[in-house]
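Enquirer: Take a look and give me a structure for this.
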Amino acid sequence: MTSRGVRHHLIAVARGLALAGVALTGAVAFLAQLAVFVPGFGLGLIFLLPRPVEWGRHLPNLARRLAHRWSGIPVAVPYRPRPSAPRPEPDGRYRHLNKLYRSPRFPAFSARLDWLLGDGATYRDLTWMALNTVVGGVLGALPAGLVVGGLGVAAGGAWYAAARAGAYWWAVPAGLVGAVVGVATAPALVALHGRWTALLLRPTVSTPRSECRKAWIGRHLLVLVRLLYLLALALLGVLLAVLTVLVMVLGFGVGQVYLLPPIIEMTRWLTGYRRELLGKWSGVAVETPYRPEPELPAPRPDGLYQVDDHLYETARWAAYNQRLKWLNRDPATWRDMLWLVTDPLVGGATLLLPFGLIWYGLISLTVPGILRLAGVDAAGQSWLFSTSAGLGPMAMSGLGPTVVAGLAIPVGLALALLGVLVAPSMLRLHHRWTRLLLAPTRRAQLALRVQRLTETRADATEAQAVELRRIERDLHDGAQARLVAVGLTLGAVEQLMDQDPAAARALLAEARESSAKALAELRDLVRGIHPPVLAERGLGDAIRALALDLPITTEVTVEVPGRLVEPIESAAYFAVSELLTNAVKHARASRITVDLRYADGRLRAVVTDDGRGGADPAAGSGLRGVERRLGTFDGVVVVSSPPGGPTAISLELPCVLSSPKTSTS
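Expert: As a prediction, the model looks like this:
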């Protein structure tokens with residue numbers, strides 16, 4: 001090998017060390033971003049998210065440039081283009097979704113946040129940072145480790161041979177061979193590192209297999225992030241449990257009862273948040289099990305306020321004692337307390353198992369094995385406290401240290417993979433444990449059912465009254481007024497019949513036109529109450545008729561094997577009609593699909609459009625009316641409408657079929 005070739009290989013060794021440093025820096029950056037994600041997503045502190053994510057892109061970009069320069073493998077930058085600055089509306093304000101702002105700061109921040117977190121390349125960068133610590137670090141540090149370890153073994157062998165008359169003389173050539181192997185393999189390992197970088201950091205090409213692989217990796221990575229987030233909440237629960245026990249002792253033991261309501265409300269906030277996460281992550285909604293909050297006591301004729309058997313002179317103390325009894329006498333409060341105390345133990349064990357397997361596999365087995373193969377004695381390193389535990393059982397089998405280290409690496413990787421694979425099962429097990437204590441009991445479910453029926457009955461009564469007022473107004477202002485005009489016109493015709501027949505004929509034509517308009521308005525009114533096509537042909541054909549009248553391309557799929565009972569059919573028809581109207585007016589969509597199916601005793605209708613998204617029932621839109629209409633029949637409305645679209649709104653109604661299907665298709 002020429003001097004130029006030797007220099008090339010030595011430079012490759014130094015480049016490997018630099019790549020190992022990049023891997024170590026990536027591990028620190030991954031932990032830093034993960035530490036920002038927890039308060040950012042969990043506590044709503046989204047202002048913390050953009051800058052660390054944007055800074056974190058510098059390291060993957062450096063790895064892409066190094067892969068191109070040192071390995072000859074070009075890796076294109078896969079990020080979305082940076083969003084442009086928001087432009088003002090004609091009135092000088094700045095629009096974001098369906099809201100206007102006086103300053104461009106928040107619209108610009110939201111666009112930047114969506115640019116960073118809505119890009120799949122961001123999460124591929126995070127995956128690279130997490131995995132490159134092991135893969136990239138090993139590929140980069142192995143040549144230098146072989147060189148340093150080989151020279152150290154050679155130097156130690158030479159010293160032993162000189163001091164002990166030729167003892168361990170074989171260590172000199174063995175160490176030199178190791179060093180030569182390290183130098184010789186350095187360019188190949190650097191090139192392999194470039195391919196590894198390109199594999200994770202290049203722009204993805206969507207194929208069915210790659211999509212499945214990305215979905216699998218993304219799903220399990222998301223599960224690990226969720227487990228880590230639940231662990232952080234469990235730690236918060238430990239602090240709250242200690243504080244709760246202290247307050248209980250002071251409240252019931254020393255009589256400091258004024259401390260109880262705040263701590264109970266704090267506990268309810270945490271358990272309520274866990275129910276919300278459980279509903280989002282498991283897909284099974286968990287209702288709030290608490291009893292309805294009592295109304296404020298009204299004053300008696302003597303001016304006092306009564307709460308049970310106690311009288312109070314001021315409304316403040318009456319309301320306070322009423323609230324205290326409401327909190328303390330609710331069984332769900334004590335179930336919350338039991339969960340708060342036991343969750344760090346029972347739930348924490350299910351959360352720690354996957355991370356324990358991953359830690360033990362990657363750190364306790366893989367890293368010590370790699371160091372031992374490289375000739376580095378890691379027994380005295382405090383940060384590898386479990387090295388002996390990881391290698392000891394195999395060492396007891398009589399195998400040599402090198403063989404044991406070589407076997408420890410695949411065993412460690414297998415254990416880490418097992419930790420990743422069992423993470424979804426552990427998350428589901430934790431969901432079941434949480435639901436066991438935080439879901440409503442049978443008695444609480446009955447109480448909630450009564451409360452919901454009361455609310456829906458009130459909504460139905462109000463909706464019926466509104467509908468009757470609308471019908472009365474339409475009759476009074478429309479058909480009734482036209483019929484009165486027809487009567488007056490006919491009276492004038494009677495007077496002009498003999499005197500001016502031409503004028504009488506003109507008035508008769510006007511009366512005929514007014515009667516035709518009155519008839520059309522009556523038909524529209526009847527159609528608004530219960531469309532004839534709905535009564536004659538059923539829900540599927542009625543929705544198809546709606547779709548034909550829309551100015552947007554609408555595709556309707558119906559799989560309902562029979563007719564529904566009339567109230568359910570009418571409610572579903574008007575709910576879908578409202579959603580289609582919203583999509584046409586507000587979504588700026590170019591295509592709408594309606595999927596109507598019946599299965600397992602439930603009617604499910606999904607209305608999807610490719611519009612701008614941002615639909616929110618809490619914003620006072622027509623979605624609240626749809627929820628109230630379907631709530632009367634225990635229906636559920638689920639809205640998925642991220643900014644930028646698409647929007648998918650799902651309606652579910654429990655119902656039974658009343659007759660065989662009658663349809664034109």
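
Enquirer: going forward, measure contacts between C-alpha atoms and count neighbours the same way
Expert: Noted.

Enquirer: All the strands of the stretch 1-150 of the chain, residue numbers only.
Expert: In the stretch 1-150 of the chain, the strands defined using DSSP state E, counting those that start in this stretch lie at 94-96, 99-101.

Enquirer: Correction: the previous question concerned the chain.
Expert: Along the chain, counting by DSSP state E, strands occupy 94-96, 99-101, 305-307, 310-312, 553-559, 562-564, 591-599, 602-609, 636-640, 647-654, 657-660.

Enquirer: Relative to residue 363, tell me which of those wins on proximity.
Expert: In terms of Cα to Cα, the element of those nearest to residue 363 is strand 636-640, at 40.9 Å.

Enquirer: so where's the stretch 351-500 of the chain shaky on pLDDT?
Expert: With pLDDT under 70 as the threshold, the stretch 351-500 of the chain has low-confidence stretches at 367-408, 444-445, 447-468, 470-472, 474-480.

Enquirer: what about residue 600, neighbour count?
Expert: For residue 600, the number of neighbouring residues by other Cα atoms under 10 Å comes to 8.

Enquirer: With adjacent residues omitted, what lies nearest to residue 100?
Expert: If you skip the residues right next to it in sequence, residue 100 has residue 94 as its closest partner in space, 5.4 Å away by Cα to Cα, 6 or more residues apart in numbering.

Enquirer: Could you verify my assumption that that neighbour touches residue 101?
Expert: Yes - under the criterion of Cα atoms under 8 Å, residue 94 is in contact with residue 101, at a separation of 5.0 Å.

Enquirer: which residues touch stretch 644-652?
Expert: Surrounding stretch 644-652, the residues in contact under the criterion Cα atoms under 8 Å, 6 or more residues apart in numbering are 602-615, 635-641.

Enquirer: so how far is residue 74 from residue 65?
Expert: Here residue 65 is placed at a distance of 8 Å from residue 74 (Cα to Cα, to the nearest Å).

Enquirer: Neighbour count: those two, which is higher?
Expert: residue 65 (19 against 16).

Enquirer: So among the contacts of stretch 644-652, which ones count as buried?
Expert: Burial by neighbour count, judged by 16 or more other Cα atoms under 10 Å, picks out 602-615, 635-637, 639-641 from the contacts of stretch 644-652.

Enquirer: the helices in the stretch 301-450 of the chain, which residues?
Expert: Per DSSP state H, counting those that start in this stretch, the stretch 301-450 of the chain has helices spanning 315-328, 331-359, 367-373, 387-395, 401-438, 442-474. These are given in chain order.

Enquirer: So which other helices or strands are in contact with the fifth one?
Expert: If contacts are counted by 3 or more Cα pairs under 8 Å, 6 or more residues apart in numbering; DSSP states H and E, helix 401-438 sits against helix 208-248, helix 260-282, helix 331-359, helix 367-373, helix 387-395.

Enquirer: again with the second one
Expert: Using 3+ Cα pairs under 8 Å, 6+ apart as the contact definition, the elements that helix 331-359 packs against are helix 208-248, helix 260-282, helix 401-438.

Enquirer: do that again at 10 Å, thanks
Expert: Using 3 or more Cα pairs under 10 Å, 6 or more residues apart in numbering; DSSP states H and E as the contact criterion, the elements in contact with helix 331-359 are helix 208-248, helix 260-282, helix 315-328, helix 401-438.

Enquirer: so of those, which one's packed in deepest?
Expert: Using mean count of other Cα atoms under 10 Å, the stretch among those with the largest mean neighbour count is helix 401-438, at a mean of 19.

Enquirer: and it with helix 260-282, angle?
Expert: Using axes from the mean of the first three to the mean of the last three Cα atoms, to 10 degrees, the inter-axis angle of helix 401-438 relative to helix 260-282 is 120 degrees.

Enquirer: gap between helix 401-438 and the chain center?
Expert: A distance of 23 Å separates the C-alpha centroid of helix 401-438 from that of its chain, computed with Cα atoms, centre = their mean, to the nearest Å.

Enquirer: and residue 30, which of the helices and strands packed on helix 331-359 is closest to it?
Expert: Each of the helices and strands packed on helix 331-359 has some distance to residue 30 by Cα to Cα; the shortest is helix 208-248, at 11.9 Å.

Enquirer: isn't residue 19 right next to residue 65, touching?
Expert: No - Residue 19 sits out of contact with residue 65 when judged by Cα atoms under 10 Å, with a separation of 11.7 Å.

Enquirer: which neighbours do these two share?
Expert: residue 194 (Cα atoms under 10 Å, 6 or more residues apart in numbering).

Enquirer: so what's residue 349 up against?
Expert: Taking Cα under 10 Å, 6+ apart as the criterion, residue 349 is in contact with 231, 343, 356, 426, 430.

Enquirer: Distance to residue 124 added to those residues, as CSV?
Expert: Supplementary listing: the contacts of residue 349 in CSV, determined by distance: Cα to Cα, whole Å:
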residue, distance to residue 124
231, 24
343, 33
356, 24
426, 24
430, 27
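
Enquirer: Closest to residue 304 out of those?
Expert: Set against residue 304, the nearest of these by Cα to Cα is residue 343 (44.1 Å).

Enquirer: Please give me every residue in contact with the closest residue to the closest one other than its chain neighbours.
Expert: Leaving aside its sequence neighbours, residue 343 sits nearest to residue 234 (Cα to Cα, 6+ apart; 7.0 Å). Contacts for residue 234 were tallied using Cα under 10 Å, 6+ apart; they are 228, 240, 340, 343, 344, 345, 347, 348, 351.

Enquirer: Now the fifth one. Nearest residue, chain neighbours left out?
Expert: The spatially closest residue to residue 344, leaving aside those adjacent along the chain, is residue 234, at 5.5 Å (Cα to Cα, 6+ apart).

Enquirer: any idea how far residue 501 is from the one you found?
Expert: According to Cα to Cα, residue 234 stands 92 Å off from residue 501.

Enquirer: ok, now residue 199?
Expert: Noted for residue 199: a distance of 93 Å to residue 501, by Cα to Cα.

Enquirer: Also residue 588?
Expert: The gap separating residue 588 from residue 501 is 55 Å, by Cα to Cα.

Enquirer: How about residue 443?
Expert: 80 Å.

Enquirer: residue contacts, the residue lying closest to residue 647 once chain neighbours are set aside?
Expert: Using Cα to Cα, 6+ apart and skipping the chain neighbours, the partner closest in space to residue 647 is residue 641 (4.3 Å). Applying Cα under 10 Å, 6+ apart to residue 641 gives the contacts 608, 609, 611, 612, 613, 614, 615, 616, 647, 648, 649.

Enquirer: do that again at 7 Å, thanks
Expert: With Cα atoms under 7 Å, 6 or more residues apart in numbering as the criterion, the residues that contact residue 641 are 613, 614, 615, 647, 648.

Enquirer: Quick check: closest non-adjacent residue to the first one.
Expert: Right, residue 613. Taking Cα to Cα, 6+ apart as the measure, residue 613 lies nearest to residue 645, with 3.9 Å between them; neighbours along the chain are not counted.

Enquirer: so how many other residues sit close to that neighbour?
Expert: Once other Cα under 10 Å is used to define contacts, residue 645 is seen to have 18 neighbours.

Enquirer: Same check on residue 442?
Expert: 10.

Enquirer: Against residue 436, how distant is it?
Expert: Applying Cα to Cα, the value for residue 442 to residue 436 is 12 Å.

Enquirer: Could you do residue 236 as well?
Expert: Computed as Cα to Cα, the residue 236 to residue 436 distance reads 20 Å.

Enquirer: what's the answer for residue 330, then?
Expert: Using Cα to Cα, one obtains 17 Å as the distance from residue 330 to residue 436.
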